[in-house]
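**Student:** What shape does this take:
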Amino acid sequence: MTTGNIPRRKFLGLSGLGVFGLTLTANRSFGLPFSSAQEVLLYVGTYTSGRSEGIYICSFNRVTGEIKQVATVKGVANPSYLAIDRQRQYLYAVNEVEDFGGKPSGAVSAFRIDANTGMLTFINQQPSMGGAPCYLIVDNSRRFVLLANYSGGNVSVVPVHNGTLETPVDVVQHHGHSTGPEPQQVPHAHSIVLDKANRYVFAADLGLDRIMIYKFDSRQGKLKANDQPWAQLKSGAGPRHFTFHPSERWAYVINELDSTITAFAYDKARGRLNEVQTIDTLPSGFTDKNSCADIHISASGKFLYGSNRGHNSIVVFAIDSLTGKLTVVEHVSTGGKTPRNFALDPSGGFLLVANQNSDNIVSFRIDPKRGTLAPTGHVANIPTPVCLRF
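**Tutor:** So this is what the prediction gives:
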């Protein structure tokens, strides 16, 4: 499920300092540049229903794996998922709420990234055109933000001009249901991903057990059903996050409800997916409750990682270079509870895990030859971390 046991909240009205009440608090010692040979900035999305105050900015040491909180952008309601444009000039955050300005919708917020410090300045906000937006991306032209709205059961497109969000130009409502448990009685769009060519959009819908496939008009920001309109998953799978192999020969989706990953052969000329494998994310013998969350592939294309909430682990797979099929390498404890989003650092040397229900981010060193993970011993205490972006 999108929020685990943290309730969704209504839009806050954003009272306080400034037009939308956004304030930034920085540690006095903060003086890092945007990035350096040793340090890079990490943005952390959270749920603000509890102790969290908004978006947290941390420094990450890519030699030691240490994470330090350096600033907080306050007054942002439930910024549970973040995206950064290719030029690293703007950051966009969903506001995972059900009510925006008295209307049934979530919201999306835009921030300018300071080129010297990495600090965020609020630009503006628009409705997401569906309740509880849980995932967003910036298209390759940097002219559109695309969103998946979980409770809205739809996907939407918002134009961008110089970082400013404009009035949404398209909404595609999903229809139907699958035959699984309660979350599958209605559509639940859970992620949205573009191919490298900016031609095709893939939206994993947990409620439908489908990867919806759209042709993307990158001039007008419009979505049109592809010739193959969807790829069907096993009933009760609950597809959540979708990703491409660096070669784009294959694509993978992590299935929340039945704790599996499905591998597809990808025809990039026609935007078509063909299933080649479905494999468990859990070790044999584990029978307690679990739900999967996030999925990422190493830049080398040799390893795939997925997060297990319940087993509280990262599963590591080796990727066959000829078939794209997966083989389990290991399961590693995340050092916390309910690992939600995780991220690979830009150098590919570390993996960081956001443990939502234990309020911590844990770093692991990656063995480049085997793909295995080893805890660095460094942990950052951040309230309800659910998204990590370098």
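**Student:** So if we follow the domain assignment, how does the chain break up?
**Tutor:** 1-130, 131-389 (automatic domain parsing).
**Student:** Could you dump these into TSV and include mean pLDDT and mean neighbour count?
**Tutor:** For the C-beta atoms, the positions are set from N, CA and C on the backbone; glycine is no exception. Output for the domains of the chain, formatted as TSV (pLDDT from 0 to 100; neighbours: other Cβ atoms under 10 Å):
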stretch	mean pLDDT	mean neighbour count
domain 1-130	80	19
domain 131-389	97	20
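**Student:** Note down every partner strand of the lengthiest strand in the chain and its orientation.
**Tutor:** Criterion DSSP state E: the longest strand present in the chain is strand 222-232. Strand pairing for strand 222-232, using DSSP bridges, gives strand 210-217 (antiparallel).
**Student:** got the contact list for the partner strand?
**Tutor:** 139, 155, 172, 174, 189, 194, 198-205, 222-226, 228-233, 239, 242, 253, 271-273 (Cβ atoms under 8 Å, 6 or more residues apart in numbering).
**Student:** same deal with stretch 335-342?
**Tutor:** Residues outside stretch 335-342 that contact it (Cβ under 8 Å, 6+ apart): 4, 45, 81, 293-294, 296, 305, 307-310, 312-314, 334, 351-360, 362, 375, 379, 385-388.
**Student:** Which ones among these map onto strands?
**Tutor:** 45, 293-294, 296, 305, 307-309, 313-314, 351-355, 360, 362, 375, 379, 385-388.
**Student:** pretty sure Asn154 is touching Val186, no?
**Tutor:** No - using Cβ atoms under 8 Å, Asn154 is not in contact with Val186; the gap is 11.1 Å.
**Student:** Now do Val70 against Leu165, distance only.
**Tutor:** Distance of Val70 to Leu165, computed by Cβ to Cβ, to the nearest Å: 26 Å.
**Student:** One more: Glu182?
**Tutor:** Counting by Cβ to Cβ, the gap from Glu182 to Leu165 is 33 Å.
**Student:** Check Tyr47 too.
**Tutor:** 22 Å.
**Student:** Next: Leu206.
**Tutor:** Taking Cβ to Cβ, one finds Leu206 at 26 Å from Leu165.
**Student:** got it, and Thr338?
**Tutor:** In terms of Cβ to Cβ, Thr338 sits 30 Å off from Leu165.
**Student:** same question, Lys234
**Tutor:** Distance of Lys234 to Leu165, given as Cβ to Cβ: 37 Å.
**Student:** hey, where'd the strands end up in the stretch 51-200 of the chain?
**Tutor:** In order along the chain, the stretch 51-200 of the chain carries the following strands (DSSP state E, counting those that start in this stretch): 54-61, 67-74, 82-84, 90-95, 107-113, 120-127, 133-138, 144-149, 154-161, 164-165, 170-173, 189-194, 200-205.
**Student:** closest to Asp345 out of those?
**Tutor:** Among the strands of the stretch 51-200 of the chain, strand 54-61 comes nearest to Asp345, with 6.4 Å by Cβ to Cβ.
**Student:** The closest one pairs with which strands?
**Tutor:** Assessed with DSSP bridges, strand 54-61 is paired to strand 39-46 (antiparallel), strand 67-74 (antiparallel).
**Student:** Give me the secondary structure label for His331.
**Tutor:** For His331, the assignment made with DSSP: H, G, I helix; E, B strand; the rest coil gives strand.
**Student:** Relative to Thr372, how far out is the residue lying closest to it once chain neighbours are set aside?
**Tutor:** Nearest residue to His331, sequence neighbours excluded (Cβ to Cβ, 6 or more residues apart in numbering): Ser313, at 4.6 Å. Distance of Ser313 to Thr372, computed by Cβ to Cβ: 13 Å.
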